[in-house]
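A.B. asks: no sequence on hand, only this structure:
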């Protein structure tokens with residue numbers, strides 16, 4: 001009887017040891033993921049562990065990365081709701097210099113200005129502004145999202161909006 005008890009206990013320990021090792025390695029992997037500071041990398045780490053423990057042979061990284069990207073896109077869209085107009089570039093340009101390559105008029109007699117950098121600007125304010133092809137102009141940022149076209153040496157400006 002004692003021999004049967006000892007043998008069964010030993011067999012049980014032998015069978016349980018791989019499970020204990022797997023649990024300890026799983027705990028170590030989870031701890032490693034938990035210490036990750038970047039939320040996206042942390043989520044990918046947890047997803048990879050989940051796929052490995054589920055026994056899936058598919059490559060986990062692209063699927064996990066895609067799910068994480070979708071989650072962060074949805075979260076950032078929700079966080080920015082109502083603040084879209086306040087999006088500020090990391091290093092905004094306040095003034096741009098360019099050369100006028102082509103001038104034309106819209107059906108409403110507003111100037112359409114094509115620049116050498118490929119940008120097209122349309123007059124949005126009323127008034128006259130003397131301008132010719134080949135002239136060097138600047139466009140500067142104004143208040144409340146407005147842009148003004150001007151020339152060095154002149155204190156006149158023309159309100160414009162970007163067409164392309």
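C.D. replies: It's in. Values in this document were obtained by computation on a predicted structure and should not be read as measured data.
A.B. asks: only C-alpha atoms for contact and neighbour calcs from this point on.
C.D. replies: Noted.
A.B. asks: which residue ranges of the protein form strands?
C.D. replies: Using DSSP state E, the strands of the chain run over residues 95-105, 111-115, 120-123, 136-141, 147-150, 157-162.
A.B. asks: Throw the ones you listed into JSON lines and include distance to residue 66, thanks.
C.D. replies: JSON lines is the format used below for those (distance: least, C-alpha to C-alpha, whole Å):
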{"stretch": "strand 95-105", "distance to residue 66": "38"}
{"stretch": "strand 111-115", "distance to residue 66": "40"}
{"stretch": "strand 120-123", "distance to residue 66": "37"}
{"stretch": "strand 136-141", "distance to residue 66": "38"}
{"stretch": "strand 147-150", "distance to residue 66": "39"}
{"stretch": "strand 157-162", "distance to residue 66": "35"}
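A.B. asks: dump these into TSV; add distance to residue 82, mean neighbour count and mean pLDDT as well.
C.D. replies: Output for the strands of the chain, formatted as TSV (distance: least, C-alpha to C-alpha, whole Å; neighbours: other C-alpha atoms under 10 Å; pLDDT from 0 to 100):
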stretch	distance to residue 82	mean neighbour count	mean pLDDT
strand 95-105	28	15	94
strand 111-115	32	21	94
strand 120-123	28	21	94
strand 136-141	23	17	94
strand 147-150	23	20	94
strand 157-162	23	18	93
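A.B. asks: I'd say residue 160 and residue 148 touch.
C.D. replies: Yes - using C-alpha atoms under 8 Å, residue 160 makes contact with residue 148 at a distance of 5.7 Å.
A.B. asks: what separation do you get for the residue nearest to residue 30 when sequence neighbours are not counted and residue 38?
C.D. replies: The shortest distance from residue 30 to any non-neighbouring residue, by C-alpha to C-alpha, 6 or more residues apart in numbering, is to residue 46 (7.1 Å). Noted for residue 46: a distance of 12 Å to residue 38, by C-alpha to C-alpha, to the nearest Å.
A.B. asks: which one's more surrounded, the two?
C.D. replies: residue 46 (17 against 9; other C-alpha atoms under 10 Å).
A.B. asks: need the pLDDT of that one.
C.D. replies: According to the prediction, residue 46 has pLDDT 87.
A.B. asks: can you list the weak-confidence ranges in the chain?
C.D. replies: 1-24, 55-62, 64-65, 67-81, 83-91 (pLDDT under 70).
A.B. asks: if you set the cut-off to 50 instead, what comes out?
C.D. replies: Under the criterion pLDDT under 50, the flagged ranges of the chain are 20, 56-57.
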